[in-house]
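[1] One predicted model, sequence on top.
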Amino acid sequence: MAAIINTQDLLSQKIYTLGFSKNFQDICKRQKLYTLQNIIDLGHQDIAHNPVYTIPWFNELMDFLDQRQMLYLLNTNVRGGGY
């Protein structure tokens, strides 16, 4: 049986330990995104408007978050005070 990991622990783990594809990891490394929290901190609007984050990269992120019921994290981190 797999260990249950809480959200904070998962967010602080290194991207390369989470089972993402090499392409996903390479983009993260180039953008200096080392943990899932670094990605979440970008916010969904910054991710959506930056051409560095490809559709396959974005889909992989969405699948990962959806499987762990963590999609809400991207919506709750809106820059500019939440407006």
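    Received it, and whenever you're ready, just let me know what you need.
[2] use CA for all of it now, contacts and neighbours both
    Noted.
[3] which helices and strands sit right next to the least confident helix or strand in the chain by mean pLDDT?
    Taking mean pLDDT, DSSP states H and E as the measure, helix 72-76 is the helix or strand of the chain with the lowest mean score, a mean of 84. Helix 72-76 sits against no helix or strand, with contacts defined as 3 or more C-alpha pairs under 8 Å, 6 or more residues apart in numbering; DSSP states H and E.
[4] For the closest residue in space to His44 that isn't next to it in sequence, which residues are in contact?
    Closest residue to His44 apart from its sequence neighbours, by C-alpha to C-alpha, 6 or more residues apart in numbering: Leu74 at 5.4 Å. Counting by C-alpha atoms under 8 Å, 6 or more residues apart in numbering, Leu74 makes contact with Ile40, Gly43, His44.
[5] if I look at Leu74, how far off is Lys14?
    Computed with C-alpha to C-alpha, to the nearest Å, the distance linking Leu74 and Lys14 is 18 Å.
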